[in-house]
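Novice: The following comprises the amino acid sequence and a computationally predicted model.
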Amino acid sequence: MELGLVGLGKMGGNMRERIRRAGHTVVGYDRNPDLADVHSLEELVGKLSAPRVVWVMVPAGEATQATVDRLGELLEPGDVVVDGGNSRWTDDEKHAEELAAKGIGFVDCGVSGGVWGLENGYALMYGGDAENVARVQPVFDALKPEGDFGAVHAGKVGAGHFAKMVHNGIEYAMMQAYAEGWELLEKVDSVENVREVFRSWQEGTVIRSWLLDLAVNALDDDEHLDGLRGYAQDSGEGRWTVEAAIDNAVPLPAITASLFARFASRQDDSPQMKMIAALRNQFGGHAVEKK
Ligand SMILES: NC(=O)c1ccc[n+]([C@@H]2O[C@H](COP(=O)([O-])OP(=O)(O)OC[C@H]3O[C@@H](n4cnc5c(N)ncnc54)[C@H](O)[C@@H]3O)[C@@H](O)[C@H]2O)c1
Ligand SMILES: O=C(O)[C@H](O)[C@@H](O)[C@H](O)[C@H](O)COP(=O)(O)O
């Protein structure tokens, strides 16, 4: 089939390649002309035969909204837009309604697998009407990993991004657990080769996983991670998971703590710990460290 793909960065670029390897035609647009097959969304739409499928793979928020808005102006009834970025699931219903008013279908798709997806395949969690999902199915089949798992029609519009959001919440907590265990192992003198402990865990243990494999890769590159600053960004998914937990009164202590650990990583000198030091000093005369 033919696919229009908007956003050809770390994800979209490799996805274009994987879909082409499966024998489909992909017309790619990126605002960076070095990456693009065409120069504009107009040109992309013009190169596809109706009914069209256009996959959006740009940063969530403003860039996705602007792209969906423009596609709404350019596409025709019967066409389908897929949002494959890490959009907040609450944006999906809005996008589906705006496009449906013009007779254009919408499918949201959470994508996992990062830069390894070209070779390993991309895990896909999608939401939308069966009819719209069926239109995109050949692309899902091209992108998904080989084997029985790795793709799911999770439910109605928004379900794909909701599933991806929870996946990322779990990702935060799993990474935090490996990171905490690693720090403790590094701290004690009795464990002389932490990297080899991590490597040994890759087979046979209860905690073996792909994230653990990636941790070993990172330790092979830099055994004590000396070259890195202890600073971690977040791009929204963890916050939205915690917000959804609050909305639904579901306790998520591990995921919430792992999100807050990232916030703490961005502080050089914790304001709240200054207050704790001040209060301990006030009530107990405990020593403080002065600047
Ligand atoms: N990197 C990952 O591991 C990963 C995994 C799953 C999902 N995602 C999601 O996929 C999307 C893309 O991520 P990425 O890692 O490829 O990002 P990226 O920054 O590598 O690439 C984004 C691309 O979109 C282009 N772009 C931005 N605004 C545009 C616009 N208005 N019109 C056309 N092109 C535009 C940029 O030029 C860039 O090439 C994001 O929503 C991200 O959250 C990323
Ligand atoms: O499943 C995946 O492939 C990753 O989760 C992917 O979606 C991306 O790397 C995250 O967006 C990073 O999220 P943070 O920036 O919030 O850590």
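Specialist: Great, that's in hand. Residues are numbered from 1 along each chain as shown. Ligands and ions are numbered 1, 2, ... in the order given.

Novice: Could you use CA atoms for every contact and neighbour count after this?
Specialist: Noted.

Novice: Can I get the helix or strand in which residue 264 is found in PDB, CA atoms only?
Specialist: Assigned by DSSP states H and E, residue 264 falls within helix 253-265. Output of helix 253-265 as PDB, limited to C-alpha atoms (Å, rounded to 0.1, in the frame of the first residue of the first chain):
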ATOM      1  CA  PRO A 253       3.700   4.500  44.500                       C
ATOM      2  CA  ALA A 254       6.600   3.000  42.500                       C
ATOM      3  CA  ILE A 255       5.800   4.900  39.200                       C
ATOM      4  CA  THR A 256       5.200   8.200  41.100                       C
ATOM      5  CA  ALA A 257       8.400   7.800  43.100                       C
ATOM      6  CA  SER A 258      10.400   7.100  39.900                       C
ATOM      7  CA  LEU A 259       9.000  10.300  38.300                       C
ATOM      8  CA  PHE A 260       9.800  12.400  41.300                       C
ATOM      9  CA  ALA A 261      13.400  10.900  41.300                       C
ATOM     10  CA  ARG A 262      13.900  12.500  37.900                       C
ATOM     11  CA  PHE A 263      12.700  15.800  39.200                       C
ATOM     12  CA  ALA A 264      15.200  15.500  42.100                       C
ATOM     13  CA  SER A 265      17.900  14.700  39.600                       C
END
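
Novice: Run the contact check for that helix versus ligand 2.
Specialist: No - counting by C-alpha under 6 Å from any ligand atom, ligand 2 has no neighbours in helix 253-265; the shortest distance is 8.9 Å.

Novice: How far off centre is whichever helix or strand comes after that helix?
Specialist: Going down the chain from helix 253-265, the next helix or strand is helix 271-284, by DSSP H and E. Distance, stretch centre to chain centre, for helix 271-284: 38 Å (C-alpha atoms, centre = their mean, to the nearest Å).

Novice: and the nearest residue to residue 42 once chain neighbours are set aside, what pLDDT?
Specialist: Once flanking residues are discounted, residue 42 sits nearest to residue 74: 6.8 Å by C-alpha to C-alpha, 6 or more residues apart in numbering. The score at residue 74 is 98. That number is its pLDDT.

Novice: what does residue 63 give?
Specialist: pLDDT, residue 63: 98.

Novice: that's a helix at it, yeah?
Specialist: Yes - assessed with DSSP: H, G, I helix; E, B strand; the rest coil, residue 63 lies in a helix.

Novice: Just the closest residue of the stretch 51-200 of the chain to ligand 2, please.
Specialist: Ligand 2 sits closest to residue 112 of the stretch 51-200 of the chain, with a gap of 3.4 Å, by C-alpha to the nearest ligand atom.

Novice: Enumerate every residue touching the nearest residue in space to that residue that is not next to it in sequence.
Specialist: Closest residue to residue 112 apart from its sequence neighbours, by C-alpha to C-alpha, 6+ apart: residue 123 at 5.0 Å. Neighbouring residues of residue 123 by C-alpha atoms under 8 Å, 6 or more residues apart in numbering: 111, 112, 113, 143, 144, 145, 150, 151.

Novice: bridging residues for the last one?
Specialist: Counting by DSSP bridges, residue 151 is bridged to residue 124.

Novice: Give me the neighbour count for residue 76.
Specialist: 18 (other C-alpha atoms under 10 Å).

Novice: so is it in a helix, a strand, or just coil?
Specialist: Assignment for residue 76 (three-state DSSP): coil.

Novice: That's all I had, so thanks and see you.
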